[in-house]
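Enquirer: coordinates only, sequence not included:
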């Protein structure tokens, strides 16, 4: 009689091959992706530490003064030469009037010195003519002295022989003495005129020096006038270039110091990318390599670029407080080197929408 209580042995279930197949596929796909990523990374370097850059011109006040009018608003587009800010110009106007008055006085001093020189020159010419006349008279007087001297000698002999009267001799003696006195008077007059000529020559030299000094003073006053005019023109602050005005933080009535920066003007003529690559990424990077650019503001578009130049120093070196690695608490930090990337055939419509500081992802092809 058979025992029906004997347990039946269940057949073994076959193991499923789905999981091993899926695992194998994942491993293979992951390996392929990893290999391709590794291979791609060997010939490409990328960073998302990059921004749009452009030229920025600071608007600076060249003179001190109070703001009277502000002609621009935040984010306004202006053209070169447009009026941005007007300062109170009353002080500069008074300075210009004073400078012009000083210039007029300096020119008057030149005219006076020239007139004095002209008068002195005429006096010298007159004196020289008088000296010439006096010399001629002296020569004539010398002849007369010689003649009267000869007459007196003859009369001295004749009076001893009683050939002439005593009165005739006395007349000859008086003529001789008169001729001598006349000659002396003429010599004294000539010497006096010569002395006056010498004094006039000294005055002429002094007048010429006065003209030179007055001319130098006049040139200085002309410079003062030009400087005053420049300062007056600086009270109207103009746009140095075409571009967009940033935030305008000044107000009417505010006092500005000369040299203070009012705001910045972002030029709209050119845009480029500054990408900060790690120092370990730039070994194979050279100028002229192609770059793929992705801008966060345009997620569906890709732009072409080219490596233009490399910064001569790392970004931290140009910071306000650069690191001092000579201190005892040194911690090695990977530095980043700014790289300039120029756009290639950038769409003008896109260029108008780009703004300085927008985030960018840059990928450099090392081939």
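Expert: Thanks, I have it. Owing to the predicted nature of the structure, the values given are computational and were not obtained by experimental measurement. Numbers count the residues shown, from 1 in each chain.
Enquirer: what about the longest helix in the protein?
Expert: When the chain is scanned for its longest helix (criterion: DSSP state H), the result is helix 90-160.
Enquirer: helices of the protein, residue ranges please.
Expert: Going by DSSP H, the chain shows helices at 18-42, 90-160, 166-233, 348-353.
Enquirer: low pLDDT regions in the protein?
Expert: Filtered on pLDDT under 70, the chain yields the residue ranges 1-17, 35-42, 114-130, 196-197, 199-211, 327-328.
Enquirer: tell me the domain ranges of it?
Expert: As recorded under the TED database, the domains making up the chain are 46-58+266-365, 90-233.
Enquirer: of these, which is nearest residue 76?
Expert: Among the domains of the chain, the nearest to residue 76 by Cβ to Cβ is domain 46-58+266-365 (11.2 Å). For glycine as for every other residue, the C-beta is placed from the backbone atoms N, C-alpha and C.
Enquirer: so how far is that closest one off the chain centroid?
Expert: Chain-centre distance of domain 46-58+266-365: 31 Å, with Cα atoms, centre = their mean, to the nearest Å.
Enquirer: pull up the distance across it, start to finish.
Expert: Start-to-end span of domain 46-58+266-365 (Cα to Cα, to the nearest Å) is 9 Å.
Enquirer: how about stretch 231-243?
Expert: 25 Å.
Enquirer: list the buried ones in it?
Expert: Neighbour-count burial for stretch 231-243 flags 231-232, 234-235, 237, 239-243 (criterion: 16 or more other Cβ atoms under 10 Å).
Enquirer: got TSV for these, with distance to residue 339 too?
Expert: What follows is the buried residues of stretch 231-243, written out as TSV (distance: Cβ to Cβ, whole Å):
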residue	distance to residue 339
231	44
232	46
234	39
235	43
237	36
239	31
240	28
241	26
242	28
243	25
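Enquirer: from those residues, which is closest to residue 160?
Expert: Among these, residue 231 lies closest to residue 160 (Cβ to Cβ), at 98.9 Å.
Enquirer: which residues does that closest one contact?
Expert: Each residue near residue 231 by Cβ atoms under 8 Å, 6 or more residues apart in numbering is listed here: 62-63, 92, 95-96.
Enquirer: contact partners of stretch 93-107?
Expert: 214, 217-218, 220-222, 224-225, 227-229, 231-232.
Enquirer: could you flag which of the residues you listed are buried?
Expert: 214, 217-218, 221-222, 224-225, 228, 231-232.
Enquirer: from residue 325, how far off is residue 280?
Expert: Per Cβ to Cβ, to the nearest Å, residue 280 is found 18 Å from residue 325.
Enquirer: the inter-axis angle of the longest helix of the chain versus helix 166-233?
Expert: Following axes from the mean of the first three to the mean of the last three Cα atoms, to 10 degrees, one obtains 170 degrees for the angle between helix 90-160 and helix 166-233.
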